[in-house]
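Visitor: Here's a sequence, model it:
(one chain, ligands or ions: 1)
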Amino acid sequence: MLPEYRLFINGEWVATEQKDIVINKATSEPLGEYYLAGLVEVEAAVTAALNAFRREKIDPYRRYEILKRASELLLERREDLALTISQEVGKTLKEARGEVSRASQTLLLSAEEAKRLQGEIVPIEGSPGNANRRAWTVRVPRGVVCAITPFNAPLNLSCHKIGPALAAGNAVVYKPASATPIIGAKLCQVLADAGLPAGYLNMILGSGAVVGDALAKDERISFYSFTGSPEVGLRLKNSVGFRPVTLELGSNSPNIVHSDADLSLAVEACTRSAFANAGQLCISVQRVYVQRRVYDEFCRRAVALTRTLKMGNPLDTDTDIGPMISEAEARRAESWIEEAVAGGARVLVGGQRRGAWLEPTILTDVTPPMKVCTQEIFAPVFSIIPYDTIDEAIAMANDSRYGIQAGVFTNSLDVATRCALELEYGSVIINDVSTFRADLMPYGGVKESGTGKEGPRYVIREMTEEKLVVLRI
Ligand code: NAP
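Guide: Take a look at the predicted model:
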């Protein structure tokens, strides 16, 4: 019998009338069955969250203890969680272990923030006629936070929402991606085992298309934290009216390699990062701009390194690249490669697909109208594009609808400073790739990549209201 995963509402595991199967992305074999939420369960989950929030305030130090214990439990259960992620997503076991360790850090960082929520003294007595008043701000939880997460880093990205929301004193309604319900259920169990009171975390499984509008329209939800595609993010933003929302969306990240850079470092970092998680990261290396003087050498070395990477079973510890999330997604990426080739692009290495496995692929001679340049490919594919001057590289890098992170490789202080100032991205990473992320840093994009910052210390500001108190003496 297949294991069964239920919704988590008000501290109970809840079954419904309808079930679906979650498959192992490498073998297509069923991993388990999960129950699908409908509108009734959305209503029950929001009610449970609101009741918990109103009934039982959790002291900041208790929130710290719960999140810290949950962080420890993630490490204690690391092997099982990593196996689940690897099977549900298709990501390699070594990457999945890394994700569990990062998720543990994210909860620990969130725990620390529970103790640091502070307001400020407002020197109101300095304004005319107010010498007899004092004022200060406090940060108060917003109430019910809705966390909607994607498939590609299902544990850590969920912790980036649930951790800070709970640290701030909110209650949560959580909707993981349909491709990865099991890791969502295991995260709920971790938080329950860590002592989180019933109702503070509620999980809705099932299709976003079915429950999405109900979540967006439920006025009892005070804040939305969404990570996923720009299309769904925009739809959510348009539905929530005046209520605040943070959106962490897609990108087609540029990386600039100037001729004075450490070329070995740049080749190694760009190539490996482009293919991490089969290229399914919002900050994956997608466009690599290489100064013409070192362009041929960069291409030669990147191709040679790519040929050494092993595509295969994600559970084998020497596998570098597993399957994409589905054969349909791999076919879509393959069709974008074909479109680029028809337009004059060349495949330097890779390009072939077997089921959901797309070979790590490097393209060159690409031009902006091609989808591989202008849209988010979200697959193990990157393009190498030559440039002459740094002005040209910055202009090409900025020619995008997106803007989460950009990478720059250079040993020139001048080039590094110019890129830091002129690249229109949420972060500019110098001498490392756009894919770099430490979980404590402020993280978020500009343009169509979203609004708001993640990183527990930063998002907790958005997940709380700044309330002013004025005291007349
Ligand atoms: P997606 O299709 O947009 O799904 C994201 C989440 O939204 C899933 O839980 C999905 O549920 C749900 N959803 C779907 N339709 C909805 C609706 N109408 N209302 C509310 N929720 C709805 O994205 P994905 O394919 O899982 O993930 C890939 C995307 O995420 C890429 O664009 C990637 O760049 C982006 N991403 C961004 C970041 C970042 O930090 N900026 C990080 C990781 C990924 P179902 O699964 O049930 O459809």
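
Visitor: Any part of the helix or strand bottoming out on mean pLDDT in the chain near the ligand?
Guide: Using mean pLDDT, DSSP states H and E, helix 208-217 stands out as the lowest-scoring helix or strand of the chain, at a mean of 94. Yes - on the criterion CB under 6 Å from any ligand atom, helix 208-217 is in touch with the ligand at 208-209, 212. For the C-beta atoms, the positions are set from N, CA and C on the backbone; glycine is no exception.

Visitor: got the residue ranges for the helices in the stretch 1-150 of the chain?
Guide: Listed in chain order, the helices of the stretch 1-150 of the chain (DSSP state H, counting those that start in this stretch) span 39-55, 60-76, 78-89, 93-114.

Visitor: In TSV, list those helices along with mean pLDDT, distance to residue 124 and mean neighbour count.
Guide: Listed next are those as TSV, based on pLDDT from 0 to 100; distance: least, CB to CB, whole Å; neighbours: other CB atoms under 10 Å:
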stretch	mean pLDDT	distance to residue 124	mean neighbour count
helix 39-55	98	30	19
helix 60-76	98	26	19
helix 78-89	98	50	22
helix 93-114	98	27	23
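
Visitor: Quick check: residue 146 touching residue 219?
Guide: No - using CB atoms under 8 Å, residue 146 makes no contact with residue 219, being 11.7 Å away.

Visitor: Looking at these two, which has the bigger crowd around it?
Guide: residue 146 (30 against 9; other CB atoms under 10 Å).

Visitor: which residues touch that one?
Guide: Residues in contact with residue 146 (CB atoms under 8 Å, 6 or more residues apart in numbering) are 172-175, 215, 221, 223-225.

Visitor: got it, and residue 369?
Guide: Applying CB under 8 Å, 6+ apart, we find residue 369 in contact with residue 343.

Visitor: Can you say which helix or strand has residue 246 in it?
Guide: strand 245-248 (DSSP states H and E).

Visitor: ok, then the element right after that strand?
Guide: Downstream of strand 245-248, the first helix or strand assigned by DSSP H and E is strand 254-257.

Visitor: Can you point out the buried residues in the next helix or strand after that following strand?
Guide: Toward the C-terminal end, the helix or strand that comes next after strand 254-257 (DSSP H and E) is helix 263-275. Neighbour counts over helix 263-275 (16 or more other CB atoms under 10 Å) mark 263, 266-267, 269-275 as buried.

Visitor: same thing with stretch 212-222?
Guide: For stretch 212-222, a neighbour-count test (16+ other CB under 10 Å) marks 212, 214-216, 218, 221-222 as buried.

Visitor: Which two of the residues you listed have the greatest separation?
Guide: 212 and 222 (17.6 Å; CB to CB).

Visitor: List of residues touching stretch 412-427?
Guide: Contact with stretch 412-427 is made by 254, 256, 258, 260, 390, 394, 397-398, 403-406, 408, 410, 428, 430-431, 441-447, 449, 453, as judged by CB under 8 Å, 6+ apart.

Visitor: Name the nearest residue to residue 3, ignoring sequence neighbours.
Guide: Leaving aside its sequence neighbours, residue 3 sits nearest to residue 32 (CB to CB, 6 or more residues apart in numbering; 4.4 Å).

Visitor: OK, contacts around the one you found?
Guide: Going by CB under 8 Å, 6+ apart, residue 32 touches 2-5, 21-22, 182.

Visitor: redo that, cut-off 10 Å
Guide: When contacts are counted by CB atoms under 10 Å, 6 or more residues apart in numbering, residue 32 touches 2-5, 19-24, 84, 87-88, 181-182, 185.

Visitor: ditto for residue 204
Guide: By CB under 10 Å, 6+ apart, the contact set of residue 204 is 7-9, 14, 36-38, 41-42, 44-46, 146, 148, 173-176, 184, 210-211, 214-215.

Visitor: so how far is the ligand from it?
Guide: 10 Å (CB to the nearest ligand atom, to the nearest Å).

Visitor: circling back to that earlier point, reformat the helices of the stretch 1-150 of the chain as JSON lines; add distance to the ligand.
Guide: JSON lines is the format used below for those (distance: least, CB to the nearest ligand atom, whole Å):
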{"stretch": "helix 39-55", "distance to the ligand": "11"}
{"stretch": "helix 60-76", "distance to the ligand": "19"}
{"stretch": "helix 78-89", "distance to the ligand": "10"}
{"stretch": "helix 93-114", "distance to the ligand": "12"}
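
Visitor: right, and these - which one's nearest residue 385?
Guide: Nearest to residue 385, of those and by CB to CB, is helix 93-114 at 27.3 Å.

Visitor: And the strands in the stretch 251-400 of the chain?
Guide: Applying DSSP state E, counting those that start in this stretch to the stretch 251-400 of the chain gives strands spanning 254-257, 287-291, 346-349, 353-354, 357-358, 361-364, 381-387.
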